[in-house]
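Peer 1: Take a look and give me a structure for this.
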Amino acid sequence: MPESPERETMEMDVLLVGAGPANLACAIRLKQLVEEHNKHHPDEQLAPEIYLIEKAAEIGHHQMSGAVLDPRAIKRLIPDWLDKGAPVEAQCGEANQDGFFMLKEGVEKLKPVFAPSYLHNRGNYVISLQKFAAWLGKQAESMGINIFPGFAGAEILYSADGTKVEGVTTRDMGVSRWGERKGEFQPGMDLRAKVTVLGEGTRGSLAKHLIPKLKLDEGRNPQIYQLGCKEVWKLSDEGRAMLKPGDVLHTMGWPLDPMKVFGGGWVYGMADGKASIGLVMGLDYSDPAFDPHAAFQKWKTHPWIAKLLKGGELLHYGAKTIPDGGYFSMPELTHDGVMLVGDTAGFLNGMRLKGVHLAMESGIMAAEAIFSCIKLQDFSKQSLHRYRNIFETSDAKKELWKVRNFRQGFTRGKLFGMANVAFGFVTGGMSLLGNRMSVPHIDGHSYEKLATPGTTPPTPKNRFDDKLTFDKLKDVYFSGTSHEEDQPCHLQVTDPDICVTKCYTEYGNPCQHFCPANVYEIVPKEQAVGASPQLDKEGKGKTTERGAVLKINASNCVHCKTCDIKDPYQVINWVVPEGGQGPVYSDC
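Peer 2: Presented below is the predicted three-dimensional model:
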């Protein structure tokens, strides 16, 4: 790669990276505070420059969730949100189905499972997070917030001594897969800000390097992650009779072995006869050949779900990881010049299966702290720490504290986990092991080694009927994802030899199983020239004993980050591709 190009620099007060609900709420609340201040202090006008960048081509394109919205945060941020046209699919009312159900193989009847009122959804709303984020983006733009979709934050800008964040460099455009500048080359920009707010979602490509560098995770539990695979269906008349708008059903049990994989499914009734369905699975499972996408397809063959979807039409597909470690896995929220919000900071209630309202509340709290810093013109760690102080006395903290030991219990097995949940209910969140339960490992290091060395074949495509169940490539088509083929691979393998040696023999290359988008394949090297980290331009390089290499189909990527999390040797580094690329989620 040629030497670094000259980059344009933009100066601003506040830079928000990622246009999810957390940063959009942050931008809106900060602008509200500035306007309120200026209204009451005509002689002390504030005019901070607030910029928000988003890697997707449009706001909302990379937003995916179930989703059931607790309206607590949006009511606080925009009290007349419904009057302003916020997109909701349906409200969960008294007449709606709402509960947890145990699935058994081959048994159509859903068996209800007791759930306390805390987990019920009366008064909540089924939403499409994609539509909701797009609407929040329009609210922010109408207030004068500078929003730039199609700009991917590629690198953190630090002070000379490396202790202070000073902004972000955006991704270069027009570079070939071999690192050569093409005719349309455009260097990224240096966006320099007094405070940078990282709201990149789960396992943010900037935050994952910043957190250990600045030791923001010191003394914390490692984060625990889950992967959710989702489809949106148009139901037949028979399906509509089974599921009404606003119905919220969560499933437990089959097809997941509860002793091996934590997780469960959801079925939400949307407007216009549509259904949001999905399966969420903990990424702390130990079987290197487990295929989350195949498990999701199998889940759909349960008699009740198959009956619901019969005669219907698949509209959309997506996959996303979520942080499920809880309060004790949350990193420090601030450092000099930087703040973390939303999924990036672990704002998710795993027991309630909700995070959108918590993400928004994190953005609101961050905005209140930033506003104080703007008035003081002090963006040091000490000044920004006001964000943490606000959080510690907030409804969000109270909610997360009640479930602070929920997920850790299940890392020790189903029976321990269930007993731990029951104990937590009666003790205000205590665990069977005390006030704080540790986590025994990080997700990528939880595999058991293979008894017989060698790669394990992926799930056969003939397992799927293309009516109810679909292979990964068919589902990826419904994600709308696309990437420029001739660009550096955004799925960097930092030690390519491991893929064809240790990972091949010890774990059977689990990337070809855990990826829900068929990005990773083990193929003869002749089939992977230009798409394998093991091969050079001429197709030469190290292979397995059978002449195979890892092929990376980067254009399939749906930006879920599973590979970055679950790779056993942590040699896959997910970085941003060129801005404006990736999935185009609709109704998700």
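
Peer 1: Can you say which helix or strand has residue 86 in it?
Peer 2: Residue 86 belongs to no helix or strand when assigned by DSSP states H and E.

Peer 1: need the contact list for the nearest residue to it once chain neighbours are set aside.
Peer 2: Sequence neighbours aside, residue 135 is the residue nearest to residue 86 in space, at 5.6 Å (criterion: CB to CB, 6 or more residues apart in numbering). All C-beta atoms are positioned from the backbone trio N, CA, C, and that covers glycine. For residue 135, the contacting residues are 85-87, by CB atoms under 8 Å, 6 or more residues apart in numbering.

Peer 1: Just the buried subset of these, please.
Peer 2: Neighbour-count burial (16 or more other CB atoms under 10 Å) is assigned, among the contacts of residue 135, to residue 86.

Peer 1: CSV for the contacts of residue 135, including pLDDT?
Peer 2: What follows is these, written out as CSV (pLDDT from 0 to 100):
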residue, pLDDT
85, 98
86, 98
87, 98
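
Peer 1: Could I get the full set of helices for the stretch 301-450 of the chain?
Peer 2: Using DSSP state H, counting those that start in this stretch, the helices of the stretch 301-450 of the chain run over 303-309, 356-376, 381-384, 386-392, 395-402, 406-410, 414-427.

Peer 1: between those helices, which one is nearest to residue 283?
Peer 2: helix 406-410 (11.6 Å; CB to CB).

Peer 1: And the closest one, how far out from the chain middle?
Peer 2: Counting by CA atoms, centre = their mean, to the nearest Å, helix 406-410 is centred 20 Å from the centre of its parent chain.

Peer 1: Can you tell me which helices and strands it packs against?
Peer 2: Packing contacts for helix 406-410, counted by 3 or more CB pairs under 8 Å, 6 or more residues apart in numbering; DSSP states H and E, involve helix 414-427.

Peer 1: and residue 213, which of the helices of the stretch 301-450 of the chain is closest to it?
Peer 2: helix 381-384 (14.1 Å).

Peer 1: For that closest one, name the packing helices and strands.
Peer 2: Using 3+ CB pairs under 8 Å, 6+ apart, the elements in contact with helix 381-384 are strand 334-335, helix 356-376.

Peer 1: what angle separates the last one from helix 395-402?
Peer 2: Between the axis of helix 356-376 and that of helix 395-402 there is an angle of 130 degrees, by axes from the mean of the first three to the mean of the last three CA atoms, to 10 degrees.

Peer 1: Using CSV, write out every CA atom in helix 356-376.
Peer 2: Output in CSV follows, covering the C-alpha atoms of helix 356-376 (Å, rounded to 0.1, in the frame of the first residue of the first chain):
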residue,chain,number,x,y,z
VAL,A,356,-33.7,-0.5,22.4
HIS,A,357,-35.1,1.6,25.3
LEU,A,358,-31.8,1.1,27.3
ALA,A,359,-29.8,2.1,24.3
MET,A,360,-31.8,5.3,24.0
GLU,A,361,-31.5,6.0,27.7
SER,A,362,-27.7,5.6,27.4
GLY,A,363,-27.7,8.2,24.6
ILE,A,364,-29.9,10.6,26.6
MET,A,365,-27.6,10.3,29.7
ALA,A,366,-24.5,10.8,27.5
ALA,A,367,-26.1,13.9,26.0
GLU,A,368,-26.8,15.4,29.4
ALA,A,369,-23.1,14.8,30.4
ILE,A,370,-21.9,16.3,27.1
PHE,A,371,-24.0,19.4,27.6
SER,A,372,-22.4,20.0,30.9
CYS,A,373,-18.9,19.5,29.3
ILE,A,374,-19.8,22.0,26.5
LYS,A,375,-20.7,24.7,29.1
LEU,A,376,-17.5,24.0,31.0
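
Peer 1: And that helix, what's buried?
Peer 2: Applying 16+ other CB under 10 Å to helix 356-376 flags 356-374 as buried.

Peer 1: what mean pLDDT does that helix have?
Peer 2: Confidence for helix 356-376, expressed as mean pLDDT, is 99.

Peer 1: remind me which residues of the stretch 101-250 of the chain are low pLDDT?
Peer 2: Regions of the stretch 101-250 of the chain meeting the criterion pLDDT under 70 are absent.

Peer 1: ranges for the strands of the stretch 1-150 of the chain?
Peer 2: Taking DSSP state E, counting those that start in this stretch to define them, one finds strands in the stretch 1-150 of the chain at 9-17, 50-54, 68-69, 90-91, 98-104, 107-113, 125-126, 146-149.

Peer 1: Quick check: which helices or strands does the second one pack against?
Peer 2: The contact analysis (3+ CB pairs under 8 Å, 6+ apart) places strand 50-54 against strand 9-17, helix 21-40, strand 146-149, strand 190-198.

Peer 1: Of all these, which one is nearest residue 401?
Peer 2: Closest of these to residue 401 is helix 21-40, at 19.5 Å (criterion: CB to CB).

Peer 1: and residue 371, how far is that from residue 536?
Peer 2: Using CB to CB, to the nearest Å, we find residue 371 at a distance of 53 Å from residue 536.

Peer 1: excluding its backbone neighbours, what's nearest residue 505?
Peer 2: residue 453 (3.9 Å).

Peer 1: Would you mind confirming that that neighbour makes contact with residue 507?
Peer 2: No: in terms of CB atoms under 8 Å, residue 453 does not count as a neighbour of residue 507; the distance is 9.5 Å.

Peer 1: which one of these two has more residues nearby?
Peer 2: Per other CB atoms under 10 Å, whichever of residue 453 and residue 507 has more neighbours is residue 507, with 22 against 12.

Peer 1: What is the burial count for residue 76?
Peer 2: Neighbourhood size, residue 76 [other CB under 10 Å]: 16.

Peer 1: Surely it and residue 364 touch.
Peer 2: Yes: here residue 76 reaches residue 364: they are 6.8 Å apart, a contact under CB under 8 Å.

Peer 1: Endpoint to endpoint, stretch 301-314 covers what distance?
Peer 2: 15 Å (CA to CA, to the nearest Å).

Peer 1: That should have said stretch 509-520, apologies.
Peer 2: End-to-end distance (CA to CA), stretch 509-520: 9 Å.

Peer 1: Now do that stretch: distance to the chain's middle.
Peer 2: Centroid separation for stretch 509-520 versus its chain: 17 Å, with CA atoms, centre = their mean.

Peer 1: Give me the buried positions along it.
Peer 2: Those buried within stretch 509-520 under the rule 16+ other CB under 10 Å are 509-520.

Peer 1: ok so, going back, can you tell me which of the helices and strands packed on helix 381-384 is nearest to residue 52?
Peer 2: Closest among the helices and strands packed on helix 381-384, using CB to CB: helix 356-376, at 11.0 Å.

Peer 1: Count the neighbours of residue 69 for me.
Peer 2: Neighbour count for residue 69, taken as other CB under 10 Å: 26.

Peer 1: show me what contacts residue 392?
Peer 2: By CB under 8 Å, 6+ apart, residue 392 has no neighbours at all.

Peer 1: 10 Å instead, please
Peer 2: By CB atoms under 10 Å, 6 or more residues apart in numbering, residue 392 lies in contact with 365, 398, 401.

Peer 1: same deal with residue 197?
Peer 2: Residue 197 is in contact with 14-18, 22-23, 26-27, 30, 50, 52, 334, 338-342, 344, 362-363, 366-367, 370, 384, 387, counting by CB under 10 Å, 6+ apart.

Peer 1: Out of the helices and strands packed on helix 381-384, flag the one nearest residue 266.
Peer 2: Between residue 266 and those, the shortest separation by CB to CB is 14.1 Å, and it involves helix 356-376.

Peer 1: Before I go, just wanted to say thanks for your time.
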